[in-house]
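Student: this is a predicted model, with the sequence first.
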Number of protein chains: 2
Amino acid sequence: MIQRSKRIGIVAPGRAIDRSVAAKVTALGRETFGADRLELVFHPQCFQQAGHFAGPDALRADALVETANDPEIDAVWFARGGYGSCRLLDIAIHRLGPTARRKTYLGYSDTGSLLASLYKDRIGTVAHGPMPSDISRPEGELAVHRALDFLLRGAESDVLEPTTSASGHFAAFNITVLANLIGTPWVPDLTGHVLMLEDVGEYHYSLDRMLFNITSSLEMRGLAGLRLGRCDPIPENDIAFGSTASEIAAHWCERNAIPYLGRADIGHDVHNKIVVFGTRNPSS
Amino acid sequence: MIQRSKRIGIVAPGRAIDRSVAAKVTALGRETFGADRLELVFHPQCFQQAGHFAGPDALRADALVETANDPEIDAVWFARGGYGSCRLLDIAIHRLGPTARRKTYLGYSDTGSLLASLYKDRIGTVAHGPMPSDISRPEGELAVHRALDFLLRGAESDVLEPTTSASGHFAAFNITVLANLIGTPWVPDLTGHVLMLEDVGEYHYSLDRMLFNITSSLEMRGLAGLRLGRCDPIPENDIAFGSTASEIAAHWCERNAIPYLGRADIGHDVHNKIVVFGTRNPSS
């Protein structure tokens, strides 16, 4: 029996992608892995538009639910961030059935809202990493190739954030997205986890305020540690903040008795490595 | 016996103010109310600088505690927002003694972190309204005059946000500041309160995300209603959001079963009216 190709379903829970993005990512997948191993199924919803979003909330939720519940689809890949995922939490997650629980979900940035909720409900394998929209970055093929490699080969591949090769529990989020989830019903229990955080385009004072929020929150009291990914570019304010992003993270960790473990190899760039949520290497 | 003048102590829990701000506000106070009725005591800490902040955290906390606990000071007025108040929560509030409980505290924007914590601990009369730094706005005298009038005459004056003249419980915050407090130990119980929110310079998608956070949070489940103050200016994004700020607030309120009550007369401008936290007109 010939094994069928792996089918990756792509939906856009936040902003839309352009058809050229789908074409480029499809071409890269075919050239690198071959059509017999990999099939990318871009849901038509990815190209819809309703104001800021890739279609109305109900349409985006339906596309996610349909793709996640489809037995012919092996993994769900989020097309792009850009804001909108949090609007699907109360209308999509509870509709995911048993089939959805066997899949891998990959995305980052705004789609962290979905990663959080999926992980909270222990639905599938949840991973933080590159999206199709990353193809538009200079050398974006690096990021997309990494994501496809992971989706095809799973956590066996060498595309993972290096510190997650140690034994432990891991999770990764965009700082703004996690700060705006804190206090809502969709925050997973991260007790004993190493939390990795990254952001893009936020002022130092804004990073400081959000790291205050996250590290001071009752929900993050049990973290095993925190690592800071890249936060570049950080805009210049009219006054120099006086601490680097890393110093800010270390400050808030110390103030809240969370071990600060240094940097993580994640961020809004093509070097963004993959963080699989939950237990890694439990036996080592 | 001649009644002594009312002494207002001014501290800067976030960013520093310029000495010219203190001079202008002092002159306005003297001209309008007379030195025999009003004395403004700018703590030297207001003019300190340590990176982004008006002095290190410990210095800002000490100035606040000293002023709040000083029996010769009748009210505490926050000089300016600009970020930094949340860094004082765990090092200042627990040091406020019985004298501090008899005072009025006035500020808005970033200083909302302190208003929240003071109100949570039922320390003094907490009010959301103009600060000395507002003198730098065009027609800033309007805002500063309103604040001084309130500090001198209290809630009897006609400077209050008009809808707070109805019976009820009220509170007011900057959206970004409240969103970043949610989940921390410093959020007051706002059950039964009308919550008024304002912001400045945030994109529509950012307002949407923060209003998702606030209205979806377990801590805001018991609100009697929500009113939206002004959020101008809202920057233009590369894509039109598709809803106004008011529509965004109404959307999230409906989605979380919080009555949306319309607009509030507060904001980052000279028309910013005063909202006294807690019960107003309990007998009417």
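Tutor: Noted; the coordinates are in hand. Numbering: from 1, shown residues only, chains lettered A, B, ... in the order given.

Student: excluding covalently adjacent residues, which one is nearest to the spatially most central residue of chain A?
Tutor: Nearest to the mean C-alpha position of chain A, counting by C-alpha atoms, centre = their mean, stands A:Y108 at 2.3 Å. Once flanking residues are discounted, A:Y108 sits nearest to A:H128: 4.9 Å by C-beta to C-beta, 6 or more residues apart in numbering or on different chains. Placement of C-beta: from N, CA and C, glycine included.

Student: if I look at that neighbour, what pLDDT would I see?
Tutor: A:H128 carries a pLDDT value of 98.

Student: pick out the residue of the stretch 151-284 of chain A closest to chain B.
Tutor: A:G242 (2.0 Å; C-beta to the nearest C-beta).

Student: that residue in helix, strand or coil?
Tutor: State at A:G242, reduced to three classes by DSSP: H, G, I helix; E, B strand; the rest coil: coil.

Student: phi and psi next, for the residue nearest to the centre of chain A.
Tutor: Backbone torsions of A:Y108, given as degrees, to the nearest 10, read phi -160, psi -170.

Student: could you report the separation of it from chain B?
Tutor: 16 Å (C-beta to the nearest C-beta, to the nearest Å).

Student: quick check, that residue in contact with A:N272.
Tutor: Yes - counting by C-beta atoms under 8 Å, A:Y108 touches A:N272, with 6.8 Å between them.

Student: with adjacent residues omitted, what lies nearest to the closest residue to chain B within the stretch 51-200 of chain A?
Tutor: Proximity of the stretch 51-200 of chain A to chain B (C-beta to the nearest C-beta) peaks at A:G51, 2.0 Å away. Closest residue in space to A:G51, ignoring its immediate chain neighbours: B:G242 at 2.0 Å, by C-beta to C-beta, 6+ apart.

Student: can you tell me the SS state at A:G9?
Tutor: Applying three-state DSSP: A:G9 is strand.

Student: quick check: buried residues in the helix or strand of chain A with the lowest mean pLDDT?
Tutor: Within chain A, no helix or strand scores below strand A:278-280, which has a mean of 84 by mean pLDDT, DSSP states H and E. Neighbour-count burial for strand A:278-280 flags A:278, A:280 (criterion: 16 or more other C-beta atoms under 10 Å in any protein chain shown).

Student: pull the residues that contact that strand.
Tutor: A:119, A:125-126, A:155, A:164-171 (C-beta atoms under 8 Å, 6 or more residues apart in numbering or on different chains).

Student: now for the residue nearest to A:S133 when sequence neighbours are not counted: which residues touch it?
Tutor: Nearest in space to A:S133, with sequence neighbours left out and distances taken as C-beta to C-beta, 6+ apart, is A:R80 at 3.8 Å. With contact set as C-beta under 8 Å, 6+ apart, A:R80 has these partners: A:12, A:14-17, A:21, A:54, A:131-133.

Student: now render these as TSV, adding pLDDT.
Tutor: Putting these into TSV (pLDDT from 0 to 100) gives the following:
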residue	pLDDT
A:A12	98
A:G14	98
A:R15	98
A:A16	98
A:I17	98
A:V21	98
A:A54	98
A:M131	98
A:P132	98
A:S133	98
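
Student: where are the low-confidence patches of chain A?
Tutor: Applying pLDDT under 70 to chain A picks out residues A:1-3, A:281-284.

Student: what residue spans form the domains of it?
Tutor: As assigned by automatic domain parsing, chain A contains the domains A:6-153, A:162-280.

Student: now do the helices in the stretch 1-150 of chain A.
Tutor: A:19-33, A:57-69, A:89-92, A:112-120, A:140-153 (DSSP state H, counting those that start in this stretch).

Student: winner for burial among those helices?
Tutor: helix A:112-120 (a mean of 26; mean count of other C-beta atoms under 10 Å in any protein chain shown).

Student: get me the contact residues on chain A for chain B.
Tutor: A:15, A:50-53, A:83, A:86-87, A:90, A:176, A:179-185, A:204-205, A:208-210, A:212-213, A:216-219, A:237, A:239-243, A:255 (C-beta under 8 Å from any C-beta of the partner chain).

Student: quick revisit: for the residue nearest to the centre of chain A, which residues are in contact?
Tutor: A:Y108 neighbours (C-beta under 8 Å, 6+ apart): A:81, A:115, A:128-131, A:172, A:174, A:198, A:266, A:272.

Student: next step: these restricted to strands.
Tutor: In this view, the contacts of A:Y108 that belong to strands under DSSP state E are A:128, A:172, A:174, A:198.

Student: would you format the residues you listed as JSON lines with neighbour count and distance to B:A35 included?
Tutor: Formatted as JSON lines, those follow (neighbours: other C-beta atoms under 10 Å in any protein chain shown; distance: C-beta to C-beta, whole Å):
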{"residue": "A:H128", "neighbour count": "29", "distance to B:A35": "61"}
{"residue": "A:A172", "neighbour count": "30", "distance to B:A35": "59"}
{"residue": "A:N174", "neighbour count": "28", "distance to B:A35": "53"}
{"residue": "A:E198", "neighbour count": "28", "distance to B:A35": "55"}
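
Student: torsion angles phi and psi at A:L261?
Tutor: phi -100, psi 0.

Student: return the distance of stretch A:225-232 from the chain's centre.
Tutor: 14 Å (C-alpha atoms, centre = their mean, to the nearest Å).

Student: quick one: contacts of it?
Tutor: Residues from elsewhere that reach stretch A:225-232, judged by C-beta under 8 Å, 6+ apart: A:163, A:172, A:175, A:194-200, A:202, A:207, A:215, A:245-246, A:249, A:253, A:258-269.

Student: list the neighbouring strands of the least confident helix or strand of chain A plus their orientation.
Tutor: If you go by DSSP bridges, strand A:278-280 pairs up with strand A:168-174 (antiparallel).

Student: helices or strands up against the helix or strand following the partner strand?
Tutor: Remark: after strand A:168-174, the chain's next helix or strand is helix A:175-179, criterion DSSP states H and E. Applying 3 or more C-beta pairs under 8 Å, 6 or more residues apart in numbering or on different chains; DSSP states H and E, one finds that helix A:175-179 contacts helix A:112-120, strand A:193-198, helix A:204-216.

Student: could you export helix A:175-179 as PDB, CA atoms only?
Tutor: Provided in PDB are the C-alpha atoms of helix A:175-179 (Å, rounded to 0.1, in the frame of the first residue of the first chain):
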ATOM      1  CA  ILE A 175       3.800  39.000  24.800                       C
ATOM      2  CA  THR A 176       0.900  41.200  23.700                       C
ATOM      3  CA  VAL A 177      -1.300  38.300  23.000                       C
ATOM      4  CA  LEU A 178      -0.700  36.500  26.300                       C
ATOM      5  CA  ALA A 179      -1.100  39.800  28.300                       C
END
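
Student: list the contacts of that helix.
Tutor: Residues contacting helix A:175-179 (C-beta under 8 Å, 6+ apart): A:85-86, A:109-110, A:112-113, A:116, A:197-199, A:202, A:207, A:210-211, A:213-214, A:231, B:179-180, B:209, B:213.

Student: can you flag the buried ones in these?
Tutor: Buried, going by 16+ other C-beta under 10 Å: A:85-86, A:109-110, A:112-113, A:116, A:197-199, A:202, A:207, A:210-211, A:213-214, A:231, B:179-180, B:209, B:213, out of the contacts of helix A:175-179.
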